[in-house]
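Undergrad: make a model of this:
(chains A and B)
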Amino acid sequence: MSIAEKMASNQKQIAISEFFEKNKHFLGFDTLNRAIITAVKEAVDNSLDACEEARILPDLSIEIRRVPNKKDHLILIAKDNGPGIPQKSIENVFGKLLYGSRFHAIRQSRGQQGIGITGVVMYSQLTTGKQTYVKSKISSESTAIEVNLGIDTRKNKAVKFSQERVIWTEDDEIIEHGLMIRTEMKAKFQRGSQSIGQYLKMTSIVNPHANIKFRYVNSDGEIEIDEFWKRATNNLPTQVNSIKPHPHGIHLGQLQRMLKDSDERKLTSFLRQNFSGVSSRAAKEVCTKAGLNDGAKPKLLKTEQINQLLEACSEVKFLPPPTNCLSPIEDLLIKKGLSKTIDSKFVTTLTRSPRVTSGNPYQIEVGLIFGGSIPSDQQVQLLRFANRVPLMYQQGGCLLTQAISSVDWRQYGLEQSGGKGVPKGPATILVHLASTNVQFTSEAKEAVASNEDVLQEIRKALLEVGRNLRRHMKKKKKMAKAQEKFDLINDILPAIAEKASSLLNKPVPELSATISKIMNAVIMEQTTTWDKETKTTRINGILYNYTSRPRSYTILMNWPEKQGAVMIDNERGGRKETIGLWAWKIETLQPGERANIEFGLDNLEKGDWTETEVFYRGSAEVIGASKLDEKILEEMKNQNSDEVLETMEVITGDIDETISNVASRSMLNESTSDEIQKESFQTTLFDEEEEV
Amino acid sequence: MSRRREDGETKEALHQIVNEMYKKLEKGETPTMTLPVRTKLNIDFDKKLGVYKYGKKRSTRDASSLGSAKNLLRALHMVEFIDEMIDNGKSSTLREMYYISEGWGHGKFSTQNESNNLAEDLEIITSSMREDFRLRPEEDGSRIIGNLTINELNRRGEWMKINARDDVGDSGYGVPYNVEEEKIQLLDHDIDFIMAIETGGMFDRLIENGFDEEFRCGLVHLKGQPARSTRRILKRMNEEWNLPVVVFADGDPWSFRIFGSIAYGAIKTAHISEYLATPSATYLGVTADDIVAYDLPSDDLTNKDIEALKSELSDPRFADGYWQEQITTMLKLGKKAEQQSLAKYGLDFVTDTYLPEKLAELGLA
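TA: Numbers count the residues shown, from 1 in each chain, chains lettered A, B, ... in the order given. Take a look at the predicted model:
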């Protein structure tokens, strides 16, 4: 039972201020730092939910101002472009403890922190005595409504102090719809890992469809922080369906209430009508097991009987609940969200198929970013999310942390003492749990409670991204080796020749034969870079023949064709090998010769395509490229043609998937079983253990 | 007996190194640098000289990996640097050269150890001494106390007579880094032997107790592993004055090595052993037997100590019966003792009892 429900069922009238004081720890207002974060959280969650329901791409703006000459007084200004709130509902939304429709719905929702935005209005009033200013504009009205709100602490309801109709403009533009709140409260502004900045950054990662602005103004009126996290996609999260509860996930109180409210005349029809996954056979079985008559009137069941019914529910098998009530972010968008907020060298993400635990559908998404500007001598930063809401506190006691700590990260290249605990290294790990019913350890809703099914599911996902990380590191190591050779022949050897010649007063000798001797290999040097000027991704490859014999190869590179990229400036030509794989024939490369392969990718954004895989067909090894496995290629081609015939929707919209992942993704989508988390395609496309 | 080489000869020898690289490049091959293997596996006893020298084993560094290619480039820069110093009549310390290498682009050193080692490599390849290269160490030599007189050429270019007992303070005569004939002349003495002492504490104890006068000896402070100039001046006093040299050190594996480098030549400088080693030097103590015989306070051997002793067992310099026995005894004991552990029996024990007894064994007291 949530605290709000507890409050509602509590018949005794208690002063709201007393209630607040007693319960501020799980209302999120226990410390001055946390109070402002909670307030921002309530405002942001409301805005995102409202935009999502109204199918509006959210533009949010949060501003914190320090009040001059008052210790620990902050003003919070939150603005959105949501649908706004009709005049008559404002008092309810901001002044009542239980308001809104999502309370009994079984679906994935952001959920409320404590008692919602009302708590913010109360907290402001209790700590500063000030009213909360609300401006709302709905598109069907021509003017916006401005209201100053307070709470009547005895009557437990909102009071309007003034009300006015105004024309709302910002930067000379009339606002069509939106909401703005301004409130003053006792609170402290902090920076660091538990701060508004971090909260909004995390929010932006898991809400890639939102534009989020954040500004902090100090007591001198100077803007100290001015951040803008731009949206990475124009697609709103898919709208989730509400589902009926599943008998395996029901609790006594809920069952009692449902029985009391029911209109059904027979117990079996009650079960079938009000729950998901209950067939008539299963409904009968429940009644039999509970020792109750099929035709018993639901409304009249006694507590003892309800207990029997609940017991019986846990013993009977039901169909799983539908999972379309979940709205995962999707791995690609997580990748985009991570790439835009954290500077790194490598990003890997994964969205698992939905699963069910105790009658509750849930879905796990994970991401891992590595390298770049992330400090390497510290603990890995953990980003925990439940239903798109960042979890900022109680990291240690959270299931998501436990899952991360249970993985032996040493095998994937991160430091970790004893193979347990939060690893160390230049990485950030993200875990998102989407569920119709996230179980928290407490009402503070900051840590997910233990659940073995969910833990194992997260582990599986983490192992997968771990493998991707290891593959990435291996590739980097190979490239570093090749790079050493390049340094040797490009810098050191010419310097030796030049210095030796000048000391002996002799001409500088020709080095190509020596270079071939030293390298004695064919080498592929390849870079993928973003070109700011042309806003295209540039892929440059040079194949060097540093052997004493002529060589010929077919060089292949993957590219995000399915994701809508357009290949440009490919002067060497070549041909399409299969979808997302291009091939260039290099007829003869004489000793000491090089061949250039260059092309650009248009229709992509920065960060969409950062690593290109190079493969080769030919007899002698190419350092910096992988030998193409023809069998796997054949499979890929078949799969691609099937896909084209069947449907095109599977992959569209995904931009930054390597060709290898494309294969594993389509396998996933074809399969109904969610057990099919096979090793990613890439591992088998070439021999991983092959060392240069 | 100055061993100084002609500048032209040094330059010529250095240019041979450059030539080897250039020739390989001309032929389209990988440039190389050939030098003697510098481990105990490649030191042989030179019967004629009575010291250990590098043997015939050669190793080749080639430019096929980034690390060794850089080393070749550094060698070229160093040759150029030495060339210029010789031409301009300048000299530099090893440390200065290390800092100068900052400007050598890809050829710069990352630690001074690297540059010191390469300078040694060049000495060995060209059979030169670093003085020929105009390079000198920054560490000074040791200190000497005793009734012996030296002529030293001072900075004004005048010869200065110094008696290491009468003309010096308590810290003794400081040995300069260059102890060759053109700088130091050994004039006269009235002593019977030279005692080389490992630690400063013991050196000062013997001075305070007036040991040098009572036993008519010269005391030389080694400062741990002795610098080249210390070993060189020991050798000169031994040869020119015909004085016996005894070594008084801690009783541990590292002291054995100190003695080895004085008597037989150090592995690192085996190319110039004949100028640095004093083959007739004897080890006075502290021996493994002393630890038992005098019941000295001792420490357990560490793993590193044990490794060092085991490695000494297969070191050709310690192949004779005396050293094999000392080393195995110490291994069996599992103990080591410092010189100053003799203080267990009082401050005068070392000068009144221990040293007289040990010297008597050698017929020096």
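Undergrad: hey, let's count contacts and neighbours off CA atoms from now on
TA: Noted.
Undergrad: what does chain A put close to chain B?
TA: Within chain A, the positions adjacent to chain B are A:484-485, A:487-488, A:491-493, A:495-497, A:499-501, A:503-504, A:509-515, A:517-519 by C-alpha under 8 Å from any C-alpha of the partner chain.
Undergrad: what do you get if the cut-off is 10 Å, keeping everything else the same?
TA: Selection of chain A residues close to chain B by C-alpha under 10 Å from any C-alpha of the partner chain yields A:481, A:483-489, A:491-504, A:506-519.
Undergrad: next up, the contacts around residue 94.
TA: Here I'm looking at chain A. A:Phe94 makes contact with A:116-122, A:132, A:134, A:149-151, A:157-159, according to C-alpha atoms under 10 Å, 6 or more residues apart in numbering or on different chains.
Undergrad: try chain B instead
TA: B:Leu94 makes contacts with B:100, B:112-113, B:115-116, B:119, B:130, B:134-138, as judged by C-alpha under 10 Å, 6+ apart.
Undergrad: just the buried ones from those, in PyMOL syntax?
TA: To isolate the buried members of those in PyMOL, using 16 or more other C-alpha atoms under 10 Å in any protein chain shown:
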select buried, chain B and resi 112+115+116+119+130+134+135+136+137
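Undergrad: could you dump the contacts of B:Leu94 to a markdown table with pLDDT, secondary structure and distance to A:Ser405?
TA: Shown next, in a markdown table, are the contacts of B:Leu94 (pLDDT from 0 to 100; DSSP: H, G, I helix; E, B strand; the rest coil; distance: C-alpha to C-alpha, whole Å):
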| residue | pLDDT | secondary structure | distance to A:Ser405 |
| --- | --- | --- | --- |
| B:Ile100 | 92 | helix | 50 |
| B:Gln112 | 89 | helix | 43 |
| B:Asn113 | 89 | helix | 43 |
| B:Ser115 | 91 | helix | 46 |
| B:Asn116 | 90 | helix | 48 |
| B:Ala119 | 92 | helix | 51 |
| B:Arg130 | 85 | coil | 58 |
| B:Arg134 | 89 | coil | 60 |
| B:Leu135 | 89 | strand | 57 |
| B:Arg136 | 85 | strand | 56 |
| B:Pro137 | 84 | coil | 54 |
| B:Glu138 | 74 | coil | 53 |
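Undergrad: and the two most separated of the contacts of B:Leu94?
TA: Using C-alpha to C-alpha, the pair of these lying farthest apart is B:Asn113 and B:Arg134, separated by 18.1 Å.
Undergrad: and B:Lys53, that one's in a helix?
TA: No: counting by DSSP: H, G, I helix; E, B strand; the rest coil, one finds B:Lys53 to be strand, located in no helix.
Undergrad: check the gap between it and A:Leu399 for me.
TA: 68 Å (C-alpha to C-alpha, to the nearest Å).
Undergrad: and A:Asp343, by the same measure?
TA: 27 Å.
Undergrad: A:Thr349 too?
TA: 19 Å.
Undergrad: more neighbours: these two, which one.
TA: A:Thr349 (26 against 23; other C-alpha atoms under 10 Å in any protein chain shown).
Undergrad: just checking, next helix/strand downstream of the stretch of helix or strand that one belongs to?
TA: Per DSSP states H and E: A:Thr349 is located in strand A:346-351. Using DSSP H and E, the helix or strand that follows strand A:346-351 towards the C-terminus is strand A:355-357.
Undergrad: still on that earlier bit, okay, the contacts of B:Leu94 in JSON lines with distance to A:Leu179 next?
TA: What follows is the contacts of B:Leu94, written out as JSON lines (distance: C-alpha to C-alpha, whole Å):
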{"residue": "B:Ile100", "distance to A:Leu179": "68"}
{"residue": "B:Gln112", "distance to A:Leu179": "67"}
{"residue": "B:Asn113", "distance to A:Leu179": "69"}
{"residue": "B:Ser115", "distance to A:Leu179": "70"}
{"residue": "B:Asn116", "distance to A:Leu179": "73"}
{"residue": "B:Ala119", "distance to A:Leu179": "76"}
{"residue": "B:Arg130", "distance to A:Leu179": "82"}
{"residue": "B:Arg134", "distance to A:Leu179": "82"}
{"residue": "B:Leu135", "distance to A:Leu179": "79"}
{"residue": "B:Arg136", "distance to A:Leu179": "79"}
{"residue": "B:Pro137", "distance to A:Leu179": "78"}
{"residue": "B:Glu138", "distance to A:Leu179": "76"}
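Undergrad: and of the contacts of B:Leu94, the nearest to B:Ser273?
TA: Proximity of the contacts of B:Leu94 to B:Ser273 (C-alpha to C-alpha) peaks at B:Arg130, which lies at 13.7 Å.
Undergrad: hang on, isn't that closest one packed against B:Pro137?
TA: Yes: applying C-alpha atoms under 10 Å as the test, B:Arg130 and B:Pro137 come out as touching, 9.1 Å apart.
Undergrad: just the CA atoms of stretch B:43-57, as CSV, please.
TA: Only the C-alpha atoms of stretch B:43-57 are listed here, as CSV (Å, rounded to 0.1, in the frame of the first residue of the first chain):
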residue,chain,number,x,y,z
ILE,B,43,81.6,-12.8,-18.5
ASP,B,44,84.8,-14.8,-18.8
PHE,B,45,88.0,-14.7,-16.7
ASP,B,46,90.8,-13.0,-18.5
LYS,B,47,93.9,-14.9,-17.4
LYS,B,48,96.3,-12.2,-18.7
LEU,B,49,94.5,-9.4,-16.8
GLY,B,50,93.3,-11.4,-13.8
VAL,B,51,89.8,-9.9,-14.1
TYR,B,52,86.4,-10.8,-15.5
LYS,B,53,85.7,-9.4,-19.0
TYR,B,54,82.8,-9.8,-21.4
GLY,B,55,83.0,-13.0,-23.4
LYS,B,56,82.3,-13.5,-27.1
LYS,B,57,78.5,-13.7,-26.9
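Undergrad: circling back to that earlier point, pull out the buried members of the residues of chain A next to chain B.
TA: Using 16+ other C-alpha under 10 Å as the burial test, the residues of chain A next to chain B include A:485-486, A:488-489, A:492-501, A:503, A:508-509, A:511-519 as buried.
Undergrad: which residues touch the residue of the stretch 151-300 of chain B found nearest chain A?
TA: At 25.5 Å from chain A, B:His271 is the closest residue in the stretch 151-300 of chain B, using C-alpha to the nearest C-alpha. Contacts here follow C-alpha under 10 Å, 6+ apart; on that basis B:His271 touches B:36, B:38, B:43, B:52-55, B:120-121, B:123-129, B:265.
Undergrad: now do B:Thr269
TA: Contacts of B:Thr269 by C-alpha under 10 Å, 6+ apart are B:38, B:52-54, B:120-121, B:123-124, B:129, B:228, B:261, B:275-277.
Undergrad: same thing with A:Ile374?
TA: A:342-345, A:380-381, A:425-428.
Undergrad: and if you look at A:Thr323?
TA: Contacts of A:Thr323 by C-alpha under 10 Å, 6+ apart are A:107, A:240-241, A:243, A:353-356, A:360-363, A:435-436.
Undergrad: around chain A, pick out the residues from the stretch 1-150 of chain B.
TA: Going by C-alpha under 10 Å from any C-alpha, the residues of the stretch 1-150 of chain B near chain A are B:15-31, B:62-77, B:79-80, B:83, B:105-107.
Undergrad: if we go to 6 Å?
TA: Counting by C-alpha under 6 Å from any C-alpha of the partner chain, the stretch 1-150 of chain B comes close to chain A at B:18, B:26, B:28-30, B:64, B:66, B:73.
Undergrad: so which of the residues of chain A next to chain B sit within helices?
TA: Cross-referencing those against helices under DSSP state H gives A:481, A:483-487, A:493-504, A:512-519.
Undergrad: hmm, back to that, ok but the residue of the stretch 151-300 of chain B closest to chain A is inside a strand, no?
TA: No: counting by three-state DSSP, B:His271 is not found in a strand; it is helix.
Undergrad: that one and A:Ser262: what is the separation?
TA: 103 Å.
Undergrad: any weak-confidence spans in the stretch 501-650 of chain A?
TA: Within the stretch 501-650 of chain A, the segments meeting pLDDT under 70 span A:639-650.
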